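> I would like to see how this sequence folds:
(2 chains)
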Amino acid sequence: MGRNIIEMKDIKKSFYIGTPNELNILKGIDITVQEGEFVSIIGTSGSGKSTLMNIIGALDRATAGKYVLDGTNIDEISDNGLSEVRNKQIGFVFQTYNLIPRSSALKNVELPMLYSGMGKKERRERAEQLLELVGMKDRMSHQPNELSGGQKQRVAIARALVNDPSIILADEPTGALDSATGRMVMDLFHKIHEEEGKTIVLITHNNELADETQRIITLRDGNIVAEEVNKKYYRRFREEEKICL
Amino acid sequence: MFIKENILLAVAGLRANKMRALLTMLGIIIGIASVIGVVSVGNAMTSSLTSSMSSMGATNITVNVQERSSTSATASSGTNSKNNTGSNKNNGTSSNSSNGNNSKNGQSGNQSAGQGGQPAGAPPGGGGGGMPAGGAMRAATGGGVPGGFGRQGKSSSSTKDTDLMTMQQINELEENFSDKISSLSVSENGDSGKVKNETTYANISTIGTNMGYKDVKNIEISEGRYLLQNDIDGAKDVAVVSDKLVTKIFGSNVDPINQNIRVYTSNAIHTYTIVGVYKYKAQGGNRTTSDENLTTDLYVPVTVTKKTATNKNYQTFQIKAKDGVDVQTFTTEISDYLSKLYVKNTKFEAQASNMESMLESMTSMMTTVALAISAIAGISLVVGGIGVMNIMLVSVTERTREIGTRKALGAKSSHIKMQFIVESIIICSIGGILGILLGLGAGAIGSKTMGYATTVSPLVILISFSFSMFIGVFFGYYPAKKAAELDPIEALRYE
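Down below sits the predicted model:
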């Protein structure tokens, strides 16, 4: 613990919709996320959280400011460099799962390793290992259209973990799921956070979900309006410890 | 590694949309199939024609007396005389055993029947020789026969004996080029008819020939001898018959030499003494007629048939050049010689031509036809390629989210581009393979129907396949580039 995975300083993002109308989405964001943290970024629609997520995920570049991801200065690298960052340092989990159709769960999980150039045998072993972690090993040859929403999201989480990224970036991961399945997915996130020690950034508009994380960053109109350590998380954690004991 | 994954992915994608994939491939399939089909039929035709033409002497030079085209009185008479010479060539040079050129001359014969059919088919004295079974048979196979029977009659309608070449002139020509001429053949078709004995008959057509005819026509004597100068000078009633006729009339146990045969034509009976037997060669084009109705040639001295012919002189004759003589140059030399001979004749001229140039023009014609059809097929391929491009663009749009996801997972633009190009190549290659198979099938059927042996050129198959792959790259590049350039954020958000 203690190492900074995400260091954002004065990140601004503006879109030019014809001068002099400049649309400022992010107006100077400072975020630091440490290794092993489970952070949530909340905000209503229009608050700029999607744009922020795109920048954190190296899908987009900030207009101004400095962003260092696990020691890599994102502002200075090429498009291909961004692809590599996404491949090796970021694990995406989307609201709509975004599994590749007509590819088995196993192939889906193998995909990031394919782009990173890993050998066939190694890919398969690693993919099976992670599918086992998310409890989907018995269904690894199924195609996405043969899986339920919760199962798809579990495959997606396995896929996000497969290249051992610096952070897991989850964008409304339970948004398309019913509450029971959503609960299951959130439990999985807690599991990989606690057992695997993964750094997780959860982007949501749902305060209940945010309440499950260690730190909550609230975004409004392109500014961070609140940043608080979530005491409830620690309470929950302690309760679980007690149960375990 | 990527290639293999991409191929598997593309195949899975195609499987999911079988009908769409097939329809997309259709243009490629049709284009490739027509190229392969046309080329294999063309190859079969050319090789078959070449072999049959060279077997009948591609190096022979034919001399023809024909009306000067500029002096034709009316358009119709011009056409008429052209038809006449066309059929004269047909008959004078190769009316019978050498019908290997049936397939070729058959065309011109058909044409003459179509264009000037009436005047050519019903000449004053033409067809008087009757239409025996043999004639009918040949009409069916050759198509040039109506003109053939009316040959001399027709010729007399526009050609006077004085316009034709006398035997003396021909001999002078032979004398003049004696160092280059191996043999010279003149012939005069006689009547067709039947050779009969008590129980059976054989169809024959009588051809008056000289000694040179044997060499020019590559006639193989199996028994006895060919006609001698003696026979010709004396206009003796001797004949060289085919082995088929011998078998039919005499059976296999009788020595036919010095036997007499009676030839029944529609208006006469003629008796000949057999002096030799030649080996019958099947006519070209693989058409087989049952032995029962087979018409074979009966070679008699040309002086015999000339007795009853309308023209005493010769409209056409053939020359076989000696080995090592350049046939093309020699043909020109003969033409020059002949033009001096005919310089005073304002209506007619004599021209020399050879099979080689005919063969050449045939081949070039075939090449032109093949090129023309290939060009049309090429258009089909381009249209097919546009179809592929269209479906690839649809595919890119359909899979925008997938592309976004792949990019989010770390795919570089080059990965995405490669994926779509491979998919496009796969579509085109499968189309190409199907097209090649279809084309080979069509080519085989086409060649068989026309009676030629099927020939498959591996080079053409290879080129076609490579070309279909090239289409895949060419028409897949733009959609692939479009996919690669998609903004991952936009793509992920795409509904």
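
> which one is the residue in the stretch 1-150 of chain B positioned nearest to chain A nearest to, not counting chain neighbours?
Distances between the stretch 1-150 of chain B and chain A by CB to the nearest CB are smallest at residue B:12, namely 4.9 Å. For glycine as for every other residue, the C-beta is placed from the backbone atoms N, C-alpha and C. Spatially, and ignoring its direct neighbours in sequence, residue B:12 is nearest to residue A:102 (4.9 Å; CB to CB, 6 or more residues apart in numbering or on different chains).

> hang on, the earlier thing: and the residue of the stretch 1-150 of chain B closest to chain A, how many neighbours?
15 (other CB atoms under 10 Å in any protein chain shown).

> next: the one 3 residues further on.
For residue B:15, the tally of surrounding residues (other CB under 10 Å) stands at 10.

> now for the helix or strand encompassing it, which elements pack on it?
Following DSSP states H and E, one finds residue B:15 within helix B:2-16. Secondary-structure packing of helix B:2-16 (3 or more CB pairs under 8 Å, 6 or more residues apart in numbering or on different chains; DSSP states H and E): helix B:413-450.

> rerun that using 10 Å as the cut-off
helix A:105-116, helix B:18-55, helix B:355-398, helix B:413-450 (3 or more CB pairs under 10 Å, 6 or more residues apart in numbering or on different chains; DSSP states H and E).

> compare these and give me the one nearest residue B:264.
helix B:18-55 (31.9 Å; CB to CB).

> list the strands paired with the following helix or strand past the closest one, with their directions.
Downstream of helix B:18-55, the next assigned helix or strand under DSSP H and E is strand B:60-67. Take DSSP bridges as the rule and strand B:60-67 pairs in its sheet with strand B:316-321 (antiparallel), strand B:348-354 (antiparallel).

> returning to that earlier point: next, count neighbours for the residue nearest to residue B:12.
15.

> tell me how far the closest residue to chain A within chain B lies from residue B:312.
As assessed by CB to the nearest CB, chain A sits closest to residue B:410 within chain B, at 2.2 Å. Using CB to CB, to the nearest Å, residue B:410 is found at 97 Å from residue B:312.

> the more surrounded of these two?
Neighbours were counted for residue B:410 and for residue B:312 using other CB under 10 Å; residue B:410 has more, 26 against 12.

> where are the low-confidence patches of the stretch 201-350 of chain B?
B:282-292 (pLDDT under 70).

> residue boundaries of the helices in it?
For the stretch 201-350 of chain B, the helices defined by DSSP state H, counting those that start in this stretch cover B:212-216, B:229-233, B:243-250, B:302-308, B:327-341.

> quick one: strands adjacent to the host helix or strand of residue B:188?
Applying DSSP H and E as the criterion places residue B:188 in strand B:181-196. Strand pairing for strand B:181-196, using DSSP bridges, gives strand B:201-209 (antiparallel), strand B:260-264 (antiparallel), strand B:316-321 (antiparallel).

> which residues sit against the second one?
Okay, so that is strand B:260-264. Contact partners of strand B:260-264, identified using CB atoms under 10 Å, 6 or more residues apart in numbering or on different chains, comprise B:132, B:190-197, B:201-202, B:204-206, B:237, B:239, B:241, B:245-246, B:249-250, B:269-274, B:298, B:300.

> how many neighbours does residue B:454 have?
That count, for residue B:454 with other CB under 10 Å as the rule, works out to 15.

> list the contacts of it.
By CB under 10 Å, 6+ apart, residue B:454 lies in contact with B:40, B:41, B:43, B:44, B:440, B:443, B:444, B:445, B:446, B:447, B:448.

> look at it and give its secondary structure.
coil (DSSP: H, G, I helix; E, B strand; the rest coil).

> and it, its phi and psi?
Here is the backbone geometry of residue B:454 (degrees, to the nearest 10): phi -80, psi 130.

> quick check: pLDDT value at it.
pLDDT recorded at residue B:454 is 76.

> from residue B:461, how far out is it?
In terms of CB to CB, residue B:454 sits 13 Å off from residue B:461.

> now list whatever residues contact both of those two.
By the contact definition CB under 10 Å, 6+ apart, residue B:454 and residue B:461 are jointly contacted by B:40, B:440.

> so which of the strands paired with strand B:181-196 comes closest to residue A:156?
Closest among the strands paired with strand B:181-196, using CB to CB: strand B:316-321, at 85.4 Å.

> between the closest one and helix B:327-341, how many degrees?
Here strand B:316-321 points in a direction 140 degrees away from that of helix B:327-341 (axes from the mean of the first three to the mean of the last three CA atoms, to 10 degrees).

> what does chain B put close to chain A?
Within chain B, the positions lying close to chain A (CB under 10 Å from any CB of the partner chain) are B:1-2, B:4-5, B:8-9, B:12-13, B:15-16, B:398-399, B:401-402, B:404-416, B:487-489, B:491-493, B:495.
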